[in-house]
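Visitor: Got a predicted model here, sequence first, then my questions.
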Amino acid sequence: MRSTWVIAKREFRSFFDSPIAYVAITVFLIITGVLFFLADDFFAANEATLRPLFEWVPLIFVFYMPAISMRLLSEERRSGTFELLITMPIREHEVILGKYLAALGFLVVTLLLTLPYPIIVAAVGTPDWGPMIGGYFGLFLVGAVYLGVGLMTSAWTHNQIISFVLALLINGFFYFIDKLIGVVWAGTRDVFAYLSFDQHFQTISRGVIDTRNLVFYVSLSAASVLIASYSLRRRLWKG
């Protein structure tokens with residue numbers, strides 16, 4: 001476990017050693033700010049709610065999280081440090097888990113930087129804090145799944161762009177699955193709604209914490225991390 005924390009701390013620091021992280025966060029905050037205050041005309045609506053934010057951010061995360069996670073393992077191969085993992089006394093799951101924890105830390109930083117939004121909402125009205133707290137909890141869960149998928153695709157290839165595109169396609173597919181397939185085959189709508197990342201998030205963002213939604217997100221995150229660990233092990237075996 002100590003090796004996992006060492007890798008997590010090193011990886012987390014590496015995010016902010018590069019200007020890419022600052023640029024990504026700045027772009028994210030600008031986009032969410034524009035959509036929240038201007039596109040949804042927050043002040044004209046005269047409603048103390050973060051609902052517009054919670055409608056947009058899961059969709060933005062479809063692009064944002066793969067951009068963050070695409071380098072987690074692909075960068076190791078590009079920089080040449082990946083080969084060192086073969087000779088170091090570190091297990092594959094420790095590497096994967098450490099990098100995943102670092103990515104979750106980056107997600108938490110991103111969400112913390114959006115806290116001025118609920119502060120502004122509270123200043124202009126009396127919000128319902130239940131949906132707000134539930135919405136942020138839901139954003140963390142859906143972001144964790146997106147990062148898990150990105151880590152998984154990063155373990156599949158040494159090319160960061162390919163990793164990004166694969167994660168984007170997988171996340172986008174499961175975000176829109178009920179709208180794409182469920183609409184065509186109406187009889188399967190409920191089945192595909194259960195597989196939809198967005199549908200589970202909408203329930204949590206209303207302040208309803210259902211164990212089925214928790215199990216869904218936690219299971220997918222764990223499965224992605226396990227697949228990434230297995231993929232890394234195979235790449236190490238191949239040398």
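Guide: Perfect, I can see it now.

Visitor: what comes up buried for whichever strand or helix holds Ala67?
Guide: Using DSSP states H and E, Ala67 sits within helix 51-69. Residues 51-58, 61-69 are the ones in helix 51-69 that count as buried (16 or more other C-beta atoms under 10 Å). For the C-beta atoms, the positions are set from N, CA and C on the backbone; glycine is no exception.

Visitor: and if you look at stretch 115-130?
Guide: Neighbour counts over stretch 115-130 (16+ other C-beta under 10 Å) mark Tyr117, Pro118, Ile120, Val121, Pro127 as buried.

Visitor: isn't the second one right up against Gly125?
Guide: In this case it means Pro118. No: the pair Pro118 / Gly125 is not scored as a contact, 11.2 Å apart, by C-beta atoms under 8 Å.

Visitor: residue ranges with poor pLDDT in this structure?
Guide: Residues of the chain that meet the criterion pLDDT under 70 lie in 39-48, 74-90, 180-190, 235-239.

Visitor: what about the most centrally placed residue in it, distance to Gly105?
Guide: A centroid search over the chain (C-alpha atoms, centre = their mean) returns Gly143, at 2.4 Å, as the residue closest to the centre. According to C-beta to C-beta, to the nearest Å, Gly143 and Gly105 sit 12 Å apart.

Visitor: Now the residue lying closest to Ile60 once chain neighbours are set aside: phi and psi?
Guide: Nearest non-adjacent residue to Ile60, counting by C-beta to C-beta, 6 or more residues apart in numbering: Ile31, 6.2 Å away. Ile31 adopts backbone torsions of phi -60, psi -50, taken as degrees, to the nearest 10.

Visitor: Tell me how many other residues crowd Ile31.
Guide: For Ile31, the count of nearby residues is 16 (other C-beta atoms under 10 Å).

Visitor: I figured it was touching Val57, is that so?
Guide: No: checked against C-beta under 8 Å, the pair Ile31 and Val57 is beyond contact range at 9.5 Å.

Visitor: OK, contacts around Gly143?
Guide: Phe61, Met65, Leu107, Thr110, Leu111 (C-beta atoms under 8 Å, 6 or more residues apart in numbering).

Visitor: residue contacts, the residue nearest to it when sequence neighbours are not counted?
Guide: In this structure, Gly143 finds its nearest non-sequential neighbour in Leu107, 4.6 Å apart by C-beta to C-beta, 6+ apart. Residues near Leu107 by C-beta under 8 Å, 6+ apart: Met65, Ile68, Phe140, Gly143, Ala144, Leu147.

Visitor: got it, and Gly135?
Guide: Neighbouring residues of Gly135 by C-beta under 8 Å, 6+ apart: Leu50, Arg51, Leu53, Phe54, Ile204, Ser205.

Visitor: do that again at 10 Å, thanks
Guide: By C-beta atoms under 10 Å, 6 or more residues apart in numbering, Gly135 lies in contact with 49-51, 53-55, 57-58, 118, 201-202, 204-207.

Visitor: list the residues that contact both of Ile31 and Val57?
Guide: The contact sets of Ile31 and Val57 overlap at Tyr64 (C-beta under 10 Å, 6+ apart).

Visitor: I'd like to know how far Ile162 sits from Leu168.
Guide: 11 Å.

Visitor: quick one on the thing from earlier: out of the contacts of Gly143, what pair is the most spread apart?
Guide: Pairwise distances across the contacts of Gly143 peak at 12.0 Å for Met65 and Leu111 (criterion: C-beta to C-beta).

Visitor: what sits against Met132?
Guide: Ala48, Thr49, Leu50, Arg51, Leu53, Phe54, Tyr117, Pro118, Val121, Ala122, Ser205, Gly207.
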